[in-house]
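Colleague: Provided below are the primary sequence and the corresponding predicted coordinates.
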Amino acid sequence: MFIPKYTITNRILRDIGIVEAAREVIMNAPLVPAWEAKFRKEAMERTIHHGTHLEGNPLSEEEVKDVLDGEEVVARDRDIQEILNYRNVLRFIDEVQAQIGASGSYSFTIETILEMHHLTTDKILPEESSGKFRVRQVVIRNTKTGQISYTPPPAVEVPYLVEDLVNWINSDEAKGVHPVIKTGIIHYELARIHPFVDGNGRVARAVATLVMFLDNYDIRKFFSFEEYFDEKPMEYYLTLQSVSNQLVLDTHERDLSPWLEYFTEGVAIELNRVKEKVQRISVDVKVKDKLGGQVMLNERQMLIMEYLHRHKGMSNKDFRKIFPDFSDDTVLRELKFLRQKGLIKKSGGTKKAIYILK
C-alpha cells in the first residue's frame, strides 16, 4: 500500500499557519457574498489559463477569457480545445462535490481519475488513449538539451500504483492528514506515476484539488494554485523531479518533504493574495457584528468601498474616476445606501462633501 514519507518541517508548519489564517479571513469576510460569483469566475479563468499555459498552451489570459465567453479567437484548434476541456474538468469537480455534499464522507475511485483524464484530453488524444492508462513506457526530456530528466514507472505497474494511491486517499490515515498536505501528496504521486501518455500535470492538479474540495476545504473556490506554479514553471518541474529522482531502494522511501515545502508555500502565497483582495473590498469584522450578518452589496457599492479602503476618502470629483459611465445621481444613491447601512459617513456640504469609512 502507498504510504507517503515526509516530515512536517518548520517551514511547512509556518505556511500551514498562513493558510489557516488567510482561510479564516476569506471565509468570514463580511462583504464577500456580493462578489462571490465574480471571485469564483476569476479564479476559474486563472486556473484554466495558468493550468494549460504551464503545459505549453500559448493563449494569453485575455484570449482564454474570450474562449470561455464564446468569443472567436485566432489560435490552433488544439489550444482552444485544451481551454474548453479544462473548463469541463472544473465543472466535473463541482458536480462531484455537489453529489457528495458537505458530509465529508466519500469513497474516491479510479474511475473518477480516468473520467477527469478523458475530459482533459477529449478531441486531443485518440479515443483509445483518452481516459485510459498508458500501455507503453514514456520519458520526460529536457526540452532544451533533449536529455532524459525523469523516467516514470513501467506501464505495467501503472494500474496497481494508482490503485494504491486511491486506497490511501480513502484510508483512515489520509483522513487525518491536513487537506493542504494531503493535496500536495496526491499531486506529487500522480505526477510521479505519470499514468497517461499526455495530460498528466493537469490531471494531477485537478484530482488533488477535487479531493481537497471533498474534504470541505474549498475556501469558496476563490483560489488558483496553478498561477503560483506557472510563475516559475522550471522550479515547479525541478522540485517534482528532484524528489522523484532520489536514489532509494524502494519508491516508498522517497522523502516528499522538499516538494511539500514548495507546495504549501505556494498555497500560502495564493491564499494570501486572495485574502488581501478580499480585505480591500471588505469592511472591518466589527461591521459584520454591527449589522447582524454579511452585507449584500452590488458591484458599484463594492467599488466605492474598495476605493475608500485604498484612498481613505472620496469627494464628488472622484465620482468620474470610479464611474465614468454613470451619472452623479446614480453614485449619490449608492452612497446614500452605504450611509444608511452605517458603512460610511459624510462630512461637509453637498458640493464639498467628503465620504469616508465609518
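Modeller: Perfect, I can see it now.
Colleague: Tell me where the stretch 101-250 of the chain has strands.
Modeller: 140-141, 148-150 (DSSP state E, counting those that start in this stretch).
Colleague: quick one: the closest residue to Arg136 other than its chain neighbours and Ile193, what's the gap?
Modeller: Once flanking residues are discounted, Arg136 sits nearest to Ala155: 5.6 Å by C-beta to C-beta, 6 or more residues apart in numbering. Glycine gets a C-beta too; all of them are placed from N, C-alpha and C. Applying C-beta to C-beta, to the nearest Å, the value for Ala155 to Ile193 is 10 Å.
Colleague: Comparing those two, which shows the higher neighbour count?
Modeller: Ile193 (25 against 16; other C-beta atoms under 10 Å).
Colleague: Below-threshold pLDDT in the stretch 251-358 of the chain: ranges please.
Modeller: Low-confidence segments of the stretch 251-358 of the chain (pLDDT under 70): 281-296, 350.
Colleague: ok, which stretches of it are strands?
Modeller: Going by DSSP E, counting those that start in this stretch, the stretch 251-358 of the chain shows strands at 314-315, 344-347, 354-357.
Colleague: Parallel or antiparallel, which strands does the shortest one pair with?
Modeller: Here strand 314-315 is paired, per DSSP bridges, with strand 354-357 (antiparallel).
Colleague: who wins for proximity to Val74 among the strands of the stretch 101-250 of the chain?
Modeller: Nearest to Val74 among these is strand 140-141; the distance by C-beta to C-beta comes to 30.2 Å.
Colleague: what number of residues lie near Phe39?
Modeller: Neighbours of Phe39 using other C-beta under 10 Å come to 19.
Colleague: Correct me if wrong: it contacts Phe222.
Modeller: Yes: using C-beta atoms under 8 Å, Phe39 is in contact with Phe222, at 4.6 Å.
Colleague: which residues are common contacts for those two?
Modeller: Val274, Val278 (C-beta atoms under 8 Å, 6 or more residues apart in numbering).
Colleague: related to what we said a few turns ago, need the strands of the stretch 251-358 of the chain in a markdown table with distance to Met116, can you?
Modeller: Converted to a markdown table, the strands of the stretch 251-358 of the chain look like this (distance: least, C-beta to C-beta, whole Å):
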| stretch | distance to Met116 |
| --- | --- |
| strand 314-315 | 47 |
| strand 344-347 | 46 |
| strand 354-357 | 45 |
